[in-house]
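Novice: just a sequence and a predicted model for now, questions to come.
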Amino acid sequence: MIIIDEMYCKGCGICIHFCPKKLLKASEEVNSRGYYAPYIVNGVECSNCQQCVLYCPDFAIFIVEDEEGGDG
């Protein structure tokens, strides 16, 4: 599961650019800090590559693995 902490996100779009499956899109609404934070299009398709986590300069995105260990 992809988690985006909008309190830290500055809307740079790096996570959007580096997601190999293009699961992130820029929001059309600004967050509380005035930035266009990304949102998850289809988190079920996430392969847990963690490219979004690695490239986020603000540590605003992270991945939580499914507790059951199954798909989805």
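Specialist: Cool, got the structure. Numbers count the residues shown, from 1 in each chain.
Novice: would you map the helices across the chain?
Specialist: Ranges of helices within the chain are 14-18, 51-55, based on DSSP state H.
Novice: so what touches the first one?
Specialist: Going back to what we said before, that points to helix 14-18. 4, 22, 24-26, 38, 51-52, 54-57, 61 (CB atoms under 8 Å, 6 or more residues apart in numbering). Quick note: C-beta positions are derived from backbone N, CA and C, even for glycine.
Novice: could you rerun that using 6 Å?
Specialist: 24, 38, 51-52, 55-56, 61 (CB atoms under 6 Å, 6 or more residues apart in numbering).
Novice: which among the helices of the chain is found nearest to S32?
Specialist: helix 14-18 (18.6 Å; CB to CB).
Novice: mind checking which of the contacts of helix 14-18 are buried?
Specialist: Listed as buried from the contacts of helix 14-18 are 24, 38, 52, 56, 61; burial here means 16 or more other CB atoms under 10 Å.
Novice: export the residues you listed to TSV and tack on distance to C12 and pLDDT?
Specialist: Below are those laid out as TSV (distance: CB to CB, whole Å; pLDDT from 0 to 100):
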residue	distance to C12	pLDDT
L24	12	95
P38	9	94
C52	12	95
C56	8	96
I61	11	94
